[in-house]
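[1] Give me coordinates for this.
(one chain, ligands or ions: 2)
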Amino acid sequence: MQKTGPSPAIRTSEEVTEALAAGSPVVALETTIISHGLPRPRNLRVALELEELVRRAGAVPATIAVLDGVARVGLDKDMLERVATEDGLRKLGFRDLPLAAALSASGATTVSATAFLAARAGIRVFATGGLGGVHRGWTTDQDESADLDMLAKTRITVVCAGVKSILDVPATLQRLETRGVTVAGYRTDSFPGFYLHSSGLPVDWRLETPQEAAAVMRAQDLLGGPESALIVANPVPDGDQLDPVLHDRVLAEALAAAAREGVTGQAITPFLLDFLVRGTGGASLEANLAAVRGNVRLAAAIAAAWAGPGS
Ligand code: PSU
Ligand code: MN
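    Residues are numbered from 1 along each chain as shown. Ligands and ions are numbered 1, 2, ... in the order given. All right, here's what the predicted structure looks like:
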């Protein structure tokens, strides 16, 4: 995959372009979590807060979305506001990007589209909440997020709190193994559970510092081979996690409601996340945000280690 070089279909903001040219740390941020994953009006405040967290950690945020057919790497305040407030904004996976570009559509980008656009712009580190993956019921509906496929062929480091707990987590971990995606826990031996500190499943490798993560990235490049990703799985702090009993109860209700109402495809993830927010009285939202904040901070530290001497 061509990683750098200007593309007329992708516009990188001046600030991000300058940071990349100077070799300064840059962190890509996705927007589906803003437009489809969080309730309004909190979502706009979160979008601004996440950018601020990146800046405070000494890196430049590159929030990514498609506006009027143009893929934007680095949004100004008006653009960010559109992503958070515009009605009818699409949810764009990688496969939707050519359609959005040709038809001048606007949409938020998922992990698959964001990872692709970030890598094309020359950005190596990306933060999100929880990855998409293999849905429960995959044996019949075949619903596996395009996030997994993109991470198998994109040289990017994604800092996340594991995969969303609404998914079939063991099946998702198996797919990541099969597709050759490198996975490590950050200061943990168990794979994080998104809203929960642990999914209850083990993770084989453990990283202790941002410098170690940067060393893995350098090793990926030195080894060569398929341009796959590195997933740094960073758990939500114990004290900020959702009560596991509440989590399991409301998730069971959410899955039952989705089945009853026939929710499928792109709509299923936003439906389940929203059900959890309402069913837990907002507690899942706080856990989700705590996870994202931690991921953004760690991503900035990894981007700094990556940009620093020795890389
Ligand atoms: N992380 C969150 N909230 C979200 C997402 C991630 O904390 O809403 C989004 C990401 O954009 C991810 C998408 O790519 O959910 C997965 O959607 P799907 O299952 O339809 O592939
Ligand atoms: Mn899907």
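[2] Please name the nearest non-neighbouring residue to A65.
    T31 (4.4 Å; CB to CB, 6 or more residues apart in numbering). Heads up, the C-betas are built off the backbone N, CA and C, glycines and all.
[3] so that neighbour sits right up against A113, yeah?
    No: using CB atoms under 8 Å, T31 is not in contact with A113; the gap is 9.2 Å.
[4] Without its sequence neighbours, what residue ends up closest to A161?
    Of all residues not flanking A161 in the chain, A291 sits nearest, at 3.8 Å (CB to CB, 6+ apart).
[5] From ligand 1, how far out is R11?
    21 Å (CB to the nearest ligand atom, to the nearest Å).
[6] E227 now?
    From E227 to ligand 1 the distance is 19 Å (CB to the nearest ligand atom).
[7] For that residue, which non-adjacent residue is closest in space?
    Closest residue in space to E227, ignoring its immediate chain neighbours: R155 at 4.2 Å, by CB to CB, 6+ apart.
[8] Can you show me the helices along this structure?
    Listed in chain order, the helices of the chain (DSSP state H) span 14-22, 32-35, 42-56, 77-85, 97-102, 111-121, 138-141, 146-151, 169-178, 210-223, 244-261, 268-279, 283-307.
[9] Now render those helices as JSON lines, adding mean pLDDT, distance to Y195 and mean neighbour count.
    JSON lines is the format used below for those (pLDDT from 0 to 100; distance: least, CB to CB, whole Å; neighbours: other CB atoms under 10 Å):
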{"stretch": "helix 14-22", "mean pLDDT": "98", "distance to Y195": "31", "mean neighbour count": "16"}
{"stretch": "helix 32-35", "mean pLDDT": "97", "distance to Y195": "14", "mean neighbour count": "26"}
{"stretch": "helix 42-56", "mean pLDDT": "98", "distance to Y195": "16", "mean neighbour count": "18"}
{"stretch": "helix 77-85", "mean pLDDT": "98", "distance to Y195": "22", "mean neighbour count": "17"}
{"stretch": "helix 97-102", "mean pLDDT": "97", "distance to Y195": "29", "mean neighbour count": "16"}
{"stretch": "helix 111-121", "mean pLDDT": "98", "distance to Y195": "17", "mean neighbour count": "27"}
{"stretch": "helix 138-141", "mean pLDDT": "92", "distance to Y195": "21", "mean neighbour count": "11"}
{"stretch": "helix 146-151", "mean pLDDT": "98", "distance to Y195": "18", "mean neighbour count": "23"}
{"stretch": "helix 169-178", "mean pLDDT": "98", "distance to Y195": "12", "mean neighbour count": "18"}
{"stretch": "helix 210-223", "mean pLDDT": "98", "distance to Y195": "23", "mean neighbour count": "16"}
{"stretch": "helix 244-261", "mean pLDDT": "98", "distance to Y195": "6", "mean neighbour count": "15"}
{"stretch": "helix 268-279", "mean pLDDT": "97", "distance to Y195": "8", "mean neighbour count": "20"}
{"stretch": "helix 283-307", "mean pLDDT": "98", "distance to Y195": "4", "mean neighbour count": "24"}
